[in-house]
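Asks: Fold the following and give me the result.
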Amino acid sequence: MIHRSVTTRLASGAIGLALACGAQAGEDAIELKDGPGREQVQRNCIACHSLDYIQMNSPFLDRKGWEASVGKMIKVMGARIDDADARVIVEYLAAHYGK
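Replies: Now for the predicted structure:
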């Protein structure tokens, strides 16, 4: 029997791979708004998903929502974003894509 955490890791890895592959298709069509933090968003977020995720969620997320979303990406999904970049990313998203 496969240990539950191994199964969970395999499933998470498969989901991450699927998202990463999808992020490359047509990605050049997404142009984020200019502003401080844009580079950190592009560098960190596109590693796991397409940038249209930001635009799709902007009508629903305020600063607290973006903080929770970025926190989830780090803690649950395993995004390797350091604390300094996470703060800059939240600031950028709240300023340019907050509801």
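Asks: could you pull out the helices for the protein?
Replies: Taking DSSP state H, the helices of the chain run over residues 4-24, 38-45, 52-57, 63-75, 83-97.
Asks: Quick one: distance of the fourth one to the chain centre.
Replies: Right, the one you point to is helix 63-75. Distance of helix 63-75 from its chain centroid, counting by CA atoms, centre = their mean, to the nearest Å, is 9 Å.
Asks: Could you list the buried residues of it?
Replies: 65-67, 69-70, 73-74 (16 or more other CB atoms under 10 Å). Every residue, glycine included, has its C-beta placed from N, CA and C.
Asks: Contact partners for Y97?
Replies: Neighbouring residues of Y97 by CB atoms under 8 Å, 6 or more residues apart in numbering: 33, 54-55, 57-58, 61, 66.
Asks: mind checking how far it is from A68?
Replies: Using CB to CB, to the nearest Å, we find Y97 at a distance of 14 Å from A68.
Asks: Can you get me the start-to-end distance on stretch 53-72?
Replies: Taking CA to CA, to the nearest Å as the measure, stretch 53-72 stretches 14 Å from start to finish.
Asks: and that stretch, how far from the chain's centre?
Replies: Mean-position distance between stretch 53-72 and its chain equals 9 Å (CA atoms, centre = their mean).
Asks: ditto for stretch 30-44
Replies: Distance, centroid of stretch 30-44 to centroid of chain: 12 Å (CA atoms, centre = their mean).
Asks: quick revisit: least confident of the helices of the chain, on average?
Replies: The stretch with the lowest mean pLDDT among the helices of the chain is helix 4-24, at a mean of 49.
Asks: Buried members of the contacts of Y97 into PyMOL, please.
Replies: Buried subset of the contacts of Y97, written as a PyMOL selection, criterion 16+ other CB under 10 Å:
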select buried, resi 54+58+61+66
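Asks: okay if I get the contacts of Y97 as CSV plus distance to Q42?
Replies: Shown next, in CSV, are those (distance: CB to CB, whole Å):
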residue, distance to Q42
K33, 11
I54, 10
Q55, 13
N57, 16
S58, 16
L61, 18
W66, 16
